[in-house]
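Enquirer: return atomic coordinates for the entry below.
(one chain, ligands or ions: 1)
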Amino acid sequence: MLISGKDLLQRAHEGGYAVGAFNTNNLEFTKAIIEAAEEMNAPVLVQTSMGAIEYAGHDEMGEMVRLIGEKAKVPVALHLDHGTDLGVVMRCLRKGWTSVMYDGSKLDYDENVRIAKFVVDAAHPMGVGVEAELGKIGGVEEHVNVDEKEATFTDPDEAYDFVTKTGVDSLAVAIGTAHGVYKGEPKLDFERLRIIKEKLNMPIVLHGASGVPDEAIAEAVRLGVNKINIDTELRLAFKAGISKFMAENPEAYDPRKILGAGIKAIKEVVKNKIRIFGSEGKA
Ligand code: 13P
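Expert: Numbers count the residues shown, from 1 in each chain. Sure thing, here's the model as predicted:
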């Protein structure tokens, strides 16, 4: 069933676990994510970046995920990831997304507050949850590119002020993760996370979780992270699954078999993440 991202994350906050938010670009990723969640009896967020929406088409992407999500045996939320363009955010609200991220983290603070509040006022009457970001998460992700030197950690007092003024439902925090592939091992600022959770007492979001060691993820969940974004690891699994299949079956040309190998590989990653996040059996 398709449900509001707000309800899904509120349950995770109360239950002390994290829900996986997995990025999709097409039918294969969407099927893999939802099938894996069903097999784990776990709630899940299927998220679309602005780049994915551009690639698939706004209506096409929305209809596809909503349809598969509605038929699912587990709660599914359709989420907009990194909505830096207010027009795209508003179109997602009109087209049935059940959760949106307004990303004003590159704007100055007052402007970020003003627009986030505007999005909240539009989304809440529709039952749609709003995520925002404070601090700057490093790395490259399609429309979002933050130089390592520009990345700044979330300030707990500022976060409290921001949430109070805007009424957002969840907050993405910068505590040392980055989008994309890590060069070294990421070091997370757990003490900062603990303080933020204590002050805000609301769902906290971790971006850039691909490549973060399982123990660090488990500790972040224990300290109050309730939504964890995974993109890069799914892409790598898809590529590896298809490459292996083609190496073993060089004559293959049926796209369902080729892409099917990618789906299988993505499902394994999603199921493993759900286990680590603690959302197995929480549907
Ligand atoms: P990764 O690509 O590091 O998994 O990050 C995904 C993400 O945070 C999407 O917003």
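Enquirer: C-alpha from now on. contacts and neighbour counts both.
Expert: OK.
Enquirer: hang on, residue 53 packs against residue 64?
Expert: No: counting by CA atoms under 8 Å, residue 53 sits too far from residue 64 to count as a contact (11.5 Å).
Enquirer: out of these two, which sits in the more crowded spot?
Expert: Counted by other CA atoms under 10 Å, residue 53 and residue 64 do not tie: residue 53 has more neighbours, with 20 against 15.
Enquirer: so which residues on the stretch 151-283 of the chain come close to the ligand?
Expert: By the rule CA under 6 Å from any ligand atom, the part of the stretch 151-283 of the chain lying against the ligand is 179, 180, 207, 208, 209, 210, 229, 230, 231, 232, 233.
Enquirer: which parts of the stretch 1-150 of the chain are helices?
Expert: Assigned by DSSP state H, counting those that start in this stretch, the stretch 1-150 of the chain shows helices spanning 5-15, 27-40, 50-56, 58-71, 86-94, 109-123.
Enquirer: right, so of those, which gets closest to residue 271?
Expert: Comparing the helices of the stretch 1-150 of the chain by their distance to residue 271 (CA to CA), the top pick is helix 27-40, with 5.7 Å.
Enquirer: how far does that closest one sit from its chain's centre?
Expert: Taking CA atoms, centre = their mean, to the nearest Å, one finds helix 27-40 lying 15 Å from the centre of the chain it belongs to.
Enquirer: check whether that helix contacts the ligand.
Expert: No: Helix 27-40 lies out of reach of the ligand by CA under 6 Å from any ligand atom, never closer than 13.9 Å.
Enquirer: start at 226, not 1
Expert: Got it, the first residue is 226 from now on, which makes the last one we talked about helix 252-265.
Enquirer: remind me what that helix packs against, helices and strands.
Expert: Other elements packing on helix 252-265 under the criterion 3 or more CA pairs under 8 Å, 6 or more residues apart in numbering; DSSP states H and E are strand 269-273, helix 283-296, helix 480-502.
Enquirer: go again using 10 Å as the cut-off
Expert: On a contact count with 3 or more CA pairs under 10 Å, 6 or more residues apart in numbering; DSSP states H and E, helix 252-265 meets strand 244-248, strand 269-273, helix 283-296, strand 301-308, helix 457-473, helix 480-502.
Enquirer: tell me the residue furthest from the middle of the chain?
Expert: Ranked by distance from the centre of the chain (CA atoms, centre = their mean), the top residue is residue 476, with 36.7 Å.
Enquirer: so that residue sits in a helix?
Expert: No: counting by DSSP: H, G, I helix; E, B strand; the rest coil, residue 476 is not part of a helix but coil.
Enquirer: how close does it get to residue 464?
Expert: Separation of residue 476 from residue 464 (CA to CA, to the nearest Å) stands at 18 Å.
Enquirer: next up, phi/psi of residue 448, please.
Expert: Dihedral angles of residue 448 (phi, psi; degrees, to the nearest 10) stand at phi -90, psi 0.
Enquirer: let me see the contact set for it.
Expert: Going by CA atoms under 10 Å, 6 or more residues apart in numbering, residue 448 touches 241, 242, 415, 416, 418, 419, 420, 421, 422, 423, 429, 442.
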